[in-house]
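Asker: Based on what follows, work out the 3D shape:
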Amino acid sequence: MFFFLNCATAFCIMADVVEHELFQPLQAAVASGDLPKVVKAADKILRALPGDKDALQAKLVALIKQGSFEGALSFMEQDKSDFFKTRTFERCYCLFRLHRLEEALAQLESATTPAELELRAQVLYRLERYDEAMPAYRGLMDADGADGEADMEHATNLVAAMVGHEVATLAEGGRASADEPPVGDGYEHLYNTSCLMMARGRHPDALTAIDAAIADCREVVMAEPGVTEEEVEAELLLLRVQRGAVLHSLGDTVEASKELHQALKHNTDPMLGAIAAANLLAVNKNHNVFDSRKKLPLVGAPEARAKMTAAQRLLVSKNHVLLLMFMGHTEPLKKQLEAFVAEFPESDLPCLVKASNLMRRKSAALSRECLQTYIDENPGRCDEVRLVMAQMRIEDEDHDAAVKQLQEIKSIQHSPGFTGVLVELLSLQERQEDATATLNAAIASWEQEKSPEAHLNLITLLRAGAAYNTMHSKFAEAAELYKKILDLDRRNVIALTELIKCYAEYDLETAEKYAEQLPPVGTEGLALDVDFLERANARRVARPAAGPAAGGKAGAASAAADEPQSELAAIAAAAAAERPKRKRKKRPAKLPKDYNPNIPPDPERWLPRYERSEYKKRHKKKNALHHALQRGPQGASKAAADEAAERAAALEAEKAAKAAKAEAAAAAQLAQRKKKNKKKK
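Answerer: Residues are numbered from 1 along each chain as shown. Below you'll find the model as predicted:
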């Protein structure tokens, strides 16, 4: 028994030594961060000690950090121990990175730990189920408590989910949400806030947010020791792309193009390059198409499209199709349209492209037929096609058909611009009741919304409705609409004055009550002569008064009629007498740059060139002496040559006489000018 105990003790000592020798390489590999060595050391331990928890954990973490997610999944599935049955987070994380999102979500439905709940929110975001992702992030923020850093990260992710929700809602024809984003100060949070403001159409706020994000990012990165300016610019690339997109939305295409080109110049990320190139296509439109064509490979990069959302892929594909259409590349356009229809079968773009090509070929009838056929085949999802069809009907002055097309559109039927077009068309058809009903329906729709955009749209529609009723002498209806404007904005003085005008047409007492609410004009302390102002306002033209020799009642009547202007005339005369008379400066005559007073000017300078003697001299050289026949053809005689010489000499004498005559005339003109100058002195 004593011998047995000693052997057992010796065996335990040997096992400890062997175990120490096995784990020593693993500890060294973990300390150095050499992931391949960690995997090898863990495999060696597992061969000697199957099921060792430390070795299993070390190998799994090393495989995940290496990016070998398939290997990590197969490793967890092949292990026969029960160690990985509780490792839900690691398994779902590998599925998430492999884009097997539905499988990951199914295993995360019973998530309880903070890491699993956060991963579930991320999976919901990547699945573009933003309605479920936003509550998940809010729950994480509530659970964070005093952990400010985690709370800021979850707030940033919440804003990103709100951006995706806004984009998806607006793409389906919905309205922007009124929820304000959580407050944050990190540049990532500010970047997401800028994206949200841009999605809601609040472009000035988006520009303010992205400028703040750029300043904060530069400050944070520059605070790290040894950072170069190139590294700072590399960190700012995504923010500059967003700034270029915001500037383009604000209409500043020049600065937007500069920002996007600068980002592409220093970019190394395929996803970022695709976004910048897609925005450049939108900035260039149908201009500078060759520059846009160079950016197409960046837009269509597979590794970039894999990371895009469905809304982003749709916009990028639309820009690709439109660019090929503007360039007139028929075959590439057909192939791209086929791929587009396969990926987005419910889009109206292929029909619009076909109709556009027919219009470019001056086949308007076929284009209308194409659009109408598509509307008949797809009555529930063709609002863009209906808008184009209505535009064509308006150009043809077929207002009845245009109104029918517009009334079928439901996605934007209550927007201010759409409502204004429809009301104008109904007014052209003298359908005032229908126009009023359209305005009232739009106003009622926006009254139910509680957002800044809804507030602005409601005031716009109320003002338009009141002006329309006033134009048609419906003062009571207009007054009710102006009262609603005042309920929304008590400081709106214009609405108050218009309300008073409306009540003045049919209810003077109420008009006077509202007139008491008008702000003071601000004339206290001013010495105003009301009688003088009234006389000054009567702007009459005074007739010549009859003199004493003429006498008669007519002169007296004229003087009585012009009496209100006598004081004004006296004031004007006194002011004119006090004003010093301005002396007119004598401006020197404009002379040619090469003018020389010692050389008389050319007397023929006013004549056209073809009438000048020099011009004739150049073009009649064939009559000159050196052009006379000296060596004529066979049969030419000396008499012919002498005759030509005589003609040339006579011509030269005639020209010399003309030149002498012109010089004499110029000299006489110069003498006369000098004589006049002496008289002026």
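
Asker: give me the low-pLDDT residue ranges for this protein?
Answerer: 1-20, 144-150, 171-178, 521-530, 533, 535-587, 616-644, 674-681 (pLDDT under 70).

Asker: In space, not sequence, find me the middle residue of it.
Answerer: For the chain, the residue sitting closest to the mean C-alpha position, by Cα atoms, centre = their mean, is S249 at 1.9 Å.

Asker: I'd assumed M198 was in contact with that residue.
Answerer: Yes: contact criterion Cβ atoms under 8 Å: S249 and M198 qualify, at 6.3 Å. C-beta coordinates here come from the backbone N, C-alpha and C atoms, glycine included.

Asker: shared neighbours, those two?
Answerer: A206 (Cβ atoms under 8 Å, 6 or more residues apart in numbering).

Asker: tell me which element the residue nearest to V227 when sequence neighbours are not counted is part of?
Answerer: Among residues not flanking V227 along the chain, V221 sits closest, at 5.8 Å (Cβ to Cβ, 6 or more residues apart in numbering). For V221, the host element (DSSP states H and E) is helix 203-222.

Asker: need the next SSE after that helix, C-terminal direction.
Answerer: Next along from helix 203-222, by DSSP H and E: helix 229-235.

Asker: Find the nearest non-adjacent residue to R91, please.
Answerer: Leaving aside its chain neighbours, R91 sits nearest to M76 (6.0 Å; criterion: Cβ to Cβ, 6+ apart).

Asker: measure the one you found to P114 for me?
Answerer: 22 Å (Cβ to Cβ, to the nearest Å).

Asker: what about the two, which has more around it?
Answerer: M76 (18 against 12; other Cβ atoms under 10 Å).

Asker: Touching, the more buried one and T88? I think so.
Answerer: No: using Cβ under 8 Å, M76 is not in contact with T88; the gap is 10.6 Å.

Asker: Need the residues touching each of those two.
Answerer: What both M76 and T88 touch, as defined by Cβ under 8 Å, 6+ apart, is an empty set.

Asker: Name the residues of the one helix or strand S445 maps to that come out as buried.
Answerer: Element membership for S445 (DSSP H and E) is helix 432-447. For helix 432-447, the neighbour count (16 or more other Cβ atoms under 10 Å) marks 432, 434-436, 438-439, 442-443, 445-446 as buried.

Asker: do the same with stretch 410-428
Answerer: Those would be 411, 413-416, 418-423, 425-427, for stretch 410-428 by 16+ other Cβ under 10 Å.

Asker: tell me what the helix holding V221 is packed against?
Answerer: Counting by 3 or more Cβ pairs under 8 Å, 6 or more residues apart in numbering; DSSP states H and E, the packing neighbours recorded for helix 203-222 are helix 187-199, helix 229-235, helix 237-249.

Asker: Compare those helices and give me the one nearest V283.
Answerer: Minimum separation from V283 across the helices and strands packed on helix 203-222 (Cβ to Cβ) falls at helix 237-249, 5.2 Å.

Asker: Go through whichever helix or strand M271 is part of and flag the buried ones.
Answerer: Assigned by DSSP H and E, M271 belongs to helix 270-284. For helix 270-284, the neighbour count (16+ other Cβ under 10 Å) marks 270-284 as buried.

Asker: So which other helices or strands are in contact with it?
Answerer: Taking 3+ Cβ pairs under 8 Å, 6+ apart as the contact cut, helix 270-284 packs with helix 237-249, helix 253-265, helix 289-299, helix 302-305, helix 310-327.

Asker: how close does S74 sit to D507?
Answerer: Taken as Cβ to Cβ, the span from S74 to D507 is 85 Å.

Asker: List the buried residues in stretch 491-498.
Answerer: Neighbour count says stretch 491-498 has 492, 495-496, 498 buried, by 16+ other Cβ under 10 Å.

Asker: nope, stretch 361-378 is what I was after
Answerer: Buried, per 16+ other Cβ under 10 Å, within stretch 361-378: 367-368, 370-371, 374-375.

Asker: Adding distance to P520, write those residues out as a markdown table.
Answerer: Output for the buried residues of stretch 361-378, formatted as a markdown table (distance: Cβ to Cβ, whole Å):
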| residue | distance to P520 |
| --- | --- |
| S367 | 61 |
| R368 | 60 |
| C370 | 64 |
| L371 | 59 |
| Y374 | 62 |
| I375 | 59 |
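
Asker: Need those in JSON lines (columns: secondary structure).
Answerer: Output for those, formatted as JSON lines (DSSP: H, G, I helix; E, B strand; the rest coil):
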{"residue": "S367", "secondary structure": "helix"}
{"residue": "R368", "secondary structure": "helix"}
{"residue": "C370", "secondary structure": "helix"}
{"residue": "L371", "secondary structure": "helix"}
{"residue": "Y374", "secondary structure": "helix"}
{"residue": "I375", "secondary structure": "helix"}
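
Asker: Identify the farthest-apart pair in the buried residues of stretch 410-428.
Answerer: S411 and S427 (23.6 Å).

Asker: OK, contacts around the closest residue to K37 other than its chain neighbours?
Answerer: Counting by Cβ to Cβ, 6+ apart, K37 lies nearest to A29, which is 3.8 Å off, once chain neighbours are set aside. Taking Cβ under 8 Å, 6+ apart, we find A29 in contact with 35, 37-38, 40-41.

Asker: Repeat that for S249.
Answerer: Contacts of S249 by Cβ under 8 Å, 6+ apart are 198, 203, 206.

Asker: Distance of the first one relative to D131?
Answerer: So the one you mean is M198. If you go by Cβ to Cβ, the gap between M198 and D131 works out to 21 Å.

Asker: who's more crowded, these two?
Answerer: More crowded of M198 and D131, by other Cβ under 10 Å: M198, with 23 against 12.

Asker: Could you pull up the residues touching that one?
Answerer: 206, 245-246, 249.

Asker: Would you check which pair of these lies furthest apart?
Answerer: Between any two of the contacts of M198 (Cβ to Cβ), the greatest distance is 8.7 Å, for A206 and A245.

Asker: which residues are contacting the helix or strand harbouring L486?
Answerer: Using DSSP H and E, the element containing L486 is helix 475-488. By Cβ under 8 Å, 6+ apart, the residues outside helix 475-488 that reach it are 436, 443, 455, 458-459, 462-463, 465-467, 469-470, 492, 495-496, 498-499, 502-503, 505-506.

Asker: How far does it sit from its chain's centre?
Answerer: Taking the mean of its C-alpha atoms, helix 475-488 sits 35 Å from the chain's own mean (Cα atoms, centre = their mean, to the nearest Å).

Asker: Okay, buried residues for that helix please.
Answerer: 475, 477-486.

Asker: right, and V385 touches Y374 too?
Answerer: Yes: with contact defined as Cβ under 8 Å, V385 counts as touching Y374 (5.6 Å).

Asker: anything in contact with each of the two?
Answerer: By Cβ under 8 Å, 6+ apart, the residues touching both V385 and Y374 are 348, 351.

Asker: Number of residues surrounding P520?
Answerer: P520: 6 neighbours (other Cβ under 10 Å).

Asker: In three-state terms, how would it be classified?
Answerer: coil.

Asker: what's the distance between it and D489?
Answerer: Distance, P520 to D489, using Cβ to Cβ: 20 Å.

Asker: Check E654 too.
Answerer: Applying Cβ to Cβ to E654 and D489 gives a distance of 91 Å.

Asker: and those two? which has more neighbours close in?
Answerer: D489 (13 against 10).

Asker: my read: that one touches I459, true?
Answerer: Yes: with contacts counted by Cβ under 8 Å, D489 reaches I459, the gap being 6.9 Å.

Asker: Right, I'll call it a day here.
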